[in-house]
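> Requesting a structural model of the entry that follows:
(chains A and B)
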Amino acid sequence: DAGVIQSPRHEVTEMGQEVTLRCKPISGHDYLFWYRQTMMRGLELLIYFNNNVPIDDSGMPEDRFSAKMPNASFSTLKIQPSEPRDSAVYFCASTLAGGLYEQYFGPGTRLTVT
Amino acid sequence: QQQVKQSPQSLIVQKGGISIINCAYENTAFDYFPWYQQFPGKGPALLIAIRPDVSEKKEGRFTISFNKSAKQFSLHIMDSQPGDSATYFCAATSKLAAAGNKLTFGGGTRVLVKP
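Numbers count the residues shown, from 1 in each chain, chains lettered A, B, ... in the order given. Down below sits the predicted model:
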């Protein structure tokens, strides 16, 4: 299996622009998680899905952030408009129900907002 | 009550030494405690995990010690090697349906092993 795939790997954009991050989970996994990692705040869970349905979005920082999972093999995290404080590494992870602690992380997208 | 506190934030150890990372939790519903290892430029990956019905679990040079009454657990890296230089995260979760496979992560510890 190719593992969790994220694109792009790096994104540089100007403040105010829309940013879309993409994730393809491991085939057959029914949970998908979006995380944000910064030096100051560590690894934060933003939102997670079960069977394509958002279960908990309490970690989404504000309305500028939105996430969708239109099917079992694709998810997006969108920031509109982007701000410099959104600069971080964004990870997608997936797992199977019952897999509990074994989440499989993608390589991450490093976002820089200037 | 969902918080997992991890210390130290960073540590430097000589090759062959022991690295020790500590975590503490408050939520007594937590019943699975994994550790993740993250190399620069990579996503975290599961390293080792423990359930509270055992006090210790060892896999190679990595050992988790668990103290249920104190609500603390720790990772020991024996005979530390330069290749162990990474950031380590402790985490906790629960089998409860409400937890939904959600992990609560500690703040991370950056380990540097000097040759």
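
> Pretty sure A:Y35 sits against A:L43.
Yes - with contact defined as C-beta atoms under 8 Å, A:Y35 counts as touching A:L43 (5.5 Å). Where C-beta positions appear, they are placed from N, C-alpha and C, glycine not excepted.

> and for the two, which residues touch both?
A:F91 (C-beta atoms under 8 Å, 6 or more residues apart in numbering or on different chains).

> Neighbour count for these two, which is higher?
Between A:Y35 and A:L43, A:Y35 has the larger neighbour count (other C-beta atoms under 10 Å in any protein chain shown), namely 27 against 22.

> what residues are up against the nearest residue to A:K24 once chain neighbours are set aside?
Spatial nearest neighbour of A:K24, chain neighbours left out: A:I5 (4.2 Å); criterion: C-beta to C-beta, 6 or more residues apart in numbering or on different chains. Contacts for A:I5 (C-beta under 8 Å, 6+ apart) come out as A:23-24, A:106.

> Tell me, what's the model's pLDDT at A:I5?
With respect to pLDDT, A:I5 has a value of 97.

> Same question for B:G41.
91.

> Okay, B:Y88 and chain A: tell me how far apart.
Distance from B:Y88 to chain A, counting by C-beta to the nearest C-beta, to the nearest Å: 12 Å.

> Also B:F62?
15 Å.

> Count residues in the vicinity of that residue, would you?
18.

> Now the closest residue to it other than its chain neighbours: which helix or strand?
What sits nearest to B:F62 in space, not counting adjacent residues and going by C-beta to C-beta, 6+ apart, is B:I48, at 5.2 Å. Secondary structure assignment for B:I48, by DSSP states H and E: strand B:45-50.

> Keeping just the C-alphas, turn that strand into CSV.
C-alpha atoms of strand B:45-50 as CSV (Å, rounded to 0.1, in the frame of the first residue of the first chain):
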residue,chain,number,x,y,z
ALA,B,45,4.6,6.9,13.2
LEU,B,46,3.5,4.5,15.9
LEU,B,47,6.5,3.2,17.9
ILE,B,48,5.1,1.2,20.8
ALA,B,49,1.9,1.1,22.9
ILE,B,50,0.7,-0.1,26.3
